[in-house]
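Q: What follows is a predicted structure for the sequence shown.
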Amino acid sequence: MTHPPKSTTAPPGSGLPTMPVVPPQQGQPVPPAAPSGPPVAPGPARRTAFAEGADRLRAAATTEPGRLRIIGALLALLVVLFGAITAWQMADRAAAADDVLNRSQPLSSDAADIYRALADANTAAASGYLAGLQEKPATRQAYEKDIREAAAKLVKAAANSEAGSESANAIADLNEQLPEYKGLVETARANNRQGFPVGGAYLRAANEKMQTQMLPKAQDLYTWENQRLQSDYADAKAFPWAALGLGVAVLAALVWAQRRNYQRTNRVLNHGLVTASGACVVVLLWLVVGHTVARAGLNDSYEHGVRSLNVLQDARIASLTARSDENLSLIRRGADTKKVGDQTMDAYAVGYDTEIGRLASALAKADSLADDSAGAKPVADANSFMKAWKDRHVVAQGLNDKGNYQQARDKVIGVGKDPTSVCFDNVDKALKTALDHEQGEFEQAATGGRDAFTGLPYGAAVLAVLAAAGAVLGIGRRLSEYR
């Protein structure tokens with residue numbers, strides 16, 4: 001049923017026409033009602049927490065209590081940061097000093113021992129071959145001992161080297177070459193005992209393998225381990241500038257805070273700030289004195305330990321190489337020659353002269369580095385034995401040049417009177433005594449240097465926490481006056 005449209009009646013006296021009200025048809029949406037009142041403008045965007053925090057901080061800074069809170073927070077932060085950096089730098093240097101004492105120097109010494117053991121084994125093999133059926137059991141035992149020592153030191157070095165490093169690759173090569181060398185020596189020895197001249201060729205091949213492949217690898221290993229030792233020394237001795245600079249800045253800030261407190265209250269001391277300043281002064285003094293003592297100990301261990309050890313190792317290697325060349329000169333009987341100026345000379349005789357010269361130079365340097373009688377005496381003994389060796393070698397070489405091979409051999413291997421072998425053995429023993437002494441000197445000085453760091457990282461951290469607490473309590477005491 002359809003209803004007629006309704007009409008609305010304007011209020012009396014309005015003068016407005018009457019408008020019909022049309023109801024919505026069934027099924028049609030009802031239009032929304034128009035908002036009543038004036039339109040509302042959008043509000044300002046919400047500010048970030050950082051901006052609001054900055055505003056509160058600026059507002060707090062306008063009052064003395066607010067300023068005190070800010071000063072206290074900054075002082076505590078600076079003191080804790082000072083303690084953390086000091087602890088970190090001192091722990092790092094203490095670890096490097098421990099590496100010098102217990103890791104890099106022992107590995108450097110092991111690398112030198114590998115070289116020495118290989119060179120000594122080569123010398124013993126040549127001496128045993130030269131003696132033939134007269135080979136002494138002691139010579140054979142010395143050769144076997146050197147081979148075992150080299151193998152054991154290689155295993156130890158491999159366990160302490162980084163995978164894929166140059167040192168690891170050199171150790172792997174030496175581990176492969178050592179059995180090959182030993183096989184050549186055994187073949188030479190077996191042929192020599194049966195009187196076959198081919199044994200000399202096998203011994204020469206073994207010597208060439210040792211001189212051109214194995215000893216250069218061992219020398220490289222020694223060089224790389226020495227470089228690692230130098231790196232650890234540098235890390236341990238580096239001055240902690242960051243900790244020292246921050247410590248001075250923290251102490252200056254604490255003095256400023258106390259002066260400010262005095263200017264506003266006429267109170268000379270604030271117990272909390274005085275405690276914080278005292279703790280920071282202790283850390284700074286401990287830092288400077290501890291590091292200075294440690295550095296002095298490490299420098300001493302290098303100057304009077306490592307340098308002497310390196311020179312003595314060079315002397316021992318030169319002695320071993322000279323002895324090997326002396327033996328091979330008789331074994332090869334001039335088959336290997338070398339041009340020296342206009343003359344063609346026995347290559348091994350030239351090699352002996354070169355290595356003896358190196359030995360004399362190393363002993364002179366070792367004598368200048370020796371700082372006490374216990375270190376100087378074995379060096380002087382080695383020098384005396386070397387001079388006797390040179391004199392006896394001249395006699396043996398003269399006999400060999402004249403074709404008196406048997407007499408020359410006896411003069412070298414120890415059958416006749418005053419053999420060169422006795423001089424070589426005495427030189428080697430004296431050098432070992434000197435090495436043992438210098439190793440002890442190194443360990444004593446390096447231990448003192450490392451121990452100077454003891455407790456410093458933890459002490460710095462504890463004192464920093466104490467100083468931070470003192471700063472907060474000192475400022476808190478001042479704040480309590482405003483409550």
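A: Thanks, I have it.
Q: Please make it C-alpha for all contacts and neighbour counts, starting now.
A: Will do.
Q: And the strands in the stretch 301-450 of the chain?
A: Ranges of strands in the stretch 301-450 of the chain, per DSSP state E, counting those that start in this stretch, are 337-340, 343-346.
Q: Among these, which one carries the weakest average confidence?
A: When the strands of the stretch 301-450 of the chain are compared on mean pLDDT, strand 337-340 scores lowest, with a mean of 66.
Q: Follow the chain on from the longest helix belonging to the chain and name the next helix or strand.
A: Secondary structure assigned by DSSP state H gives helix 64-99 as the longest helix of the chain. For helix 64-99, the following helix or strand on the C-terminal side (DSSP states H and E) is helix 105-131.
Q: Just list the residues touching residue 323, thanks.
A: Going by Cα atoms under 8 Å, 6 or more residues apart in numbering, residue 323 touches 123, 352, 424.
Q: In this structure the last one contacts residue 386, no?
A: Yes: the pair residue 424 and residue 386 qualifies as a contact (Cα atoms under 8 Å) at a distance of 7.4 Å.
Q: which residues are common contacts for the two?
A: Common neighbours of residue 424 and residue 386 (criterion: Cα under 8 Å, 6+ apart): none identified.
Q: buried set for the helix or strand where residue 243 lies?
A: Using DSSP H and E, the secondary-structure element containing residue 243 is helix 241-265. Neighbour-count burial for helix 241-265, with 16 or more other Cα atoms under 10 Å as criterion, is recorded at 243, 244, 246, 247, 250, 251, 253, 254, 257, 258, 259, 261.
Q: Now do the phi/psi pair for residue 371.
A: Residue 371 has phi and psi values of phi -110, psi 10 when expressed as degrees, to the nearest 10.
Q: Can you tell me how far it is from residue 435?
A: With distances defined as Cα to Cα, to the nearest Å, the gap from residue 371 to residue 435 amounts to 14 Å.
Q: okay, those two: which has more neighbours?
A: The neighbour comparison of residue 371 against residue 435 (other Cα atoms under 10 Å) goes to residue 435, with 23 against 13.
Q: That one and residue 312 touch, don't they?
A: Yes: taking Cα under 8 Å as the definition, residue 435 is a contact partner of residue 312 at 6.5 Å.
Q: Show me where the stretch 251-400 of the chain has its helices.
A: Assigned helices in the stretch 251-400 of the chain, in chain order: 271-301, 307-332, 347-369, 373-401 (criterion: DSSP state H, counting those that start in this stretch).
Q: where does the stretch 201-350 of the chain dip in pLDDT?
A: Across the stretch 201-350 of the chain, the ranges flagged by pLDDT under 70 are 266-268, 332-343.
Q: redo that, cut-off 80
A: Across the stretch 201-350 of the chain, residues meeting the criterion (pLDDT under 80) sit at 261-262, 264-270, 331-348.
Q: What's the local residue count around residue 101?
A: Counted with other Cα under 10 Å, residues neighbouring residue 101 total 24.
Q: contacting residues for it?
A: For residue 101, the set of contacting residues under the criterion of Cα under 8 Å, 6+ apart consists of 443, 446, 447.
Q: before we move on, could you check phi and psi at residue 136?
A: Note on residue 136: its backbone torsions stand at phi -80, psi 140 [degrees, to the nearest 10].
Q: I figured it hits residue 129, correct?
A: No: using Cα under 8 Å, residue 136 and residue 129 do not qualify as a contacting pair, with a distance of 10.6 Å.
Q: so residue 379 touches residue 368, yeah?
A: No: between residue 379 and residue 368 no contact is recorded; they are 9.9 Å apart, counting by Cα under 8 Å.
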